[in-house]
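A.B. asks: Give the three-dimensional model of this entry:
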Amino acid sequence: MQRSADRLLTTHVGSLPRPDDLRELLLARDQGLPYDAELLEGRVAQAVSDVVAAQARVGIDVVADGELGKNSFTNYIRDRLSGFEGVNPNPYPGPPEAFPDYARDTARQSPFSPATRGTPPLNVGPIGWKRRDQLDADIANLKAALSRTDVIEAFMPAVAPGQVLFTVPTTYYRSDEEYLYAVAEVLRDEYRAIVDAGLVLQVDSPDTPMMRNRQLWDVPWEDYRRHLRMRIDALNFALQGLPPEQVRFHVCWGNFEGPHQNDVPLADIVDLVLMVDAGAYSIEGANHRHAHEWEVWQQVRLPEGKILIPGVIDTVSNFVDHPRLVAQRLVRLARIVGRENVIAAPDCGFGTFAFRPPRVHPEVMWAKFAAMVEGARLASAELWPGSTR
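C.D. replies: Below is the predicted model of the structure:
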């Protein structure tokens, strides 16, 4: 994994909005409707080529395929792995709403429907590979796009075992631990394939903080911490043998606009986050609820040799972040953890679900990326005075 050397590098968190015609093909596949598989394969390859080139043009250093061939960063397992043929009847559990009137009115105005959400999987049998070729195609598409583009590095996201447990319940396995390790056993093959292809693996784990609010809200705090440790142990099992410097770990509190008033503070879980065998940690840090948490790094030492990938632009609003604000955030963190240990990024992905209209319009998204790149340039000028870069 490349480090910031004479300037701050920039990256993003993985998912990007799919073109409309690609979304229609992915939706047909998701719903079991007739579709042209050869057309879908070719359209994904072209879309990946286009989006990698667009990232390079805007100045992003560490790029990805946008997850354009997946229906979501989690539910893609339904297409690729056996055992997930069931349909989850309650994919969005949670405690009683803190703001019930807001929740009711927001649901009434929402453009989302079951069709735009995709089919939520349910584990109903033993887990194994069903369509390993889809992973191979993702890797081939990204490497082909990279061969035509001048960038510093590329990464590919994959889901964490705990995130699967978080959103995809099981009726087959007898315990959470048994289920976690069954998932981890198969995902370790995906992780290895990505790293062996010369790409950086990004493990997506919104469950790390979110399960406290959406899954384990009614258990004692220490039970939540023990459960989180079990998920991290399962992830580290799946990462065994992989060089940590080829792994980055992403956590966030849910890529949605909402109150977030019950989000678990980063300070309360950062010790467990840093137990993941990764070389870099991608952590949300730009939105109204979490922008203050740069202070955590004044109290918690980033381990030697590790990289922090802080969120410095928001991913749920169409405000174009000002480059000076981006620079301020980056300089502040770089002076705490070391300039060579920081890479700029958004809070989360911009295309979390293939079938939902993106919250941030793609035209605005590229402007936000440009602001991040410019902010990193401004910050670099402060951190490397006299540099010609």
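
A.B. asks: use CA for all of it now, contacts and neighbours both
C.D. replies: Noted.

A.B. asks: which stretches of the stretch 151-300 of the chain form strands?
C.D. replies: Applying DSSP state E, counting those that start in this stretch to the stretch 151-300 of the chain gives strands spanning 153-159, 200-204, 247-251, 280-283.

A.B. asks: Report all helices and strands that the first one contacts.
C.D. replies: Packing contacts for strand 153-159, counted by 3 or more C-alpha pairs under 8 Å, 6 or more residues apart in numbering; DSSP states H and E, involve strand 62-63, helix 176-196, strand 200-204.

A.B. asks: who wins for proximity to residue 370 among the strands of the stretch 151-300 of the chain?
C.D. replies: strand 153-159 (18.2 Å; C-alpha to C-alpha).

A.B. asks: what's that closest one in contact with?
C.D. replies: The contact list for strand 153-159 (C-alpha atoms under 8 Å, 6 or more residues apart in numbering) reads 1-2, 14, 61-65, 67, 73-74, 146, 190-191, 194, 199-205.

A.B. asks: quick one: the helices in the stretch 201-350 of the chain?
C.D. replies: Secondary structure of the stretch 201-350 of the chain (DSSP state H, counting those that start in this stretch): helices at 207-214, 221-239, 270-273, 296-299, 323-337.

A.B. asks: any idea which of the ones you listed is most buried?
C.D. replies: helix 207-214 (a mean of 22; mean count of other C-alpha atoms under 10 Å).

A.B. asks: returning to what we had before: any chance of the helices and strands packed on strand 153-159 in TSV, plus mean pLDDT?
C.D. replies: Shown next, in TSV, are these (pLDDT from 0 to 100):
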stretch	mean pLDDT
strand 62-63	98
helix 176-196	98
strand 200-204	98
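
A.B. asks: in the stretch 101-250 of the chain, what spans have low per-residue confidence?
C.D. replies: Within the stretch 101-250 of the chain, the ranges that satisfy pLDDT under 70 run 109-117.

A.B. asks: returning to what we had before: and the helices of the stretch 201-350 of the chain as TSV, adding distance to residue 371?
C.D. replies: TSV is the format used below for those (distance: least, C-alpha to C-alpha, whole Å):
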stretch	distance to residue 371
helix 207-214	28
helix 221-239	34
helix 270-273	28
helix 296-299	24
helix 323-337	5
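
A.B. asks: wait, doesn't residue 318 sit right on residue 361?
C.D. replies: Yes: with contact defined as C-alpha atoms under 8 Å, residue 318 and residue 361 form a contacting pair (7.1 Å).

A.B. asks: TSV for the helices and strands packed on strand 153-159, including distance to residue 52?
C.D. replies: As requested, the helices and strands packed on strand 153-159 are exported to TSV (distance: least, C-alpha to C-alpha, whole Å):
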stretch	distance to residue 52
strand 62-63	7
helix 176-196	17
strand 200-204	15
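
A.B. asks: does residue 29 count as helix, strand or coil?
C.D. replies: Look at residue 29: counting by DSSP: H, G, I helix; E, B strand; the rest coil, its state is helix.

A.B. asks: Distance of the closest residue to it other than its chain neighbours relative to residue 27?
C.D. replies: Nearest non-adjacent residue to residue 29, counting by C-alpha to C-alpha, 6 or more residues apart in numbering: residue 35, 6.7 Å away. For residue 35, the distance to residue 27 equals 9 Å [C-alpha to C-alpha, to the nearest Å].
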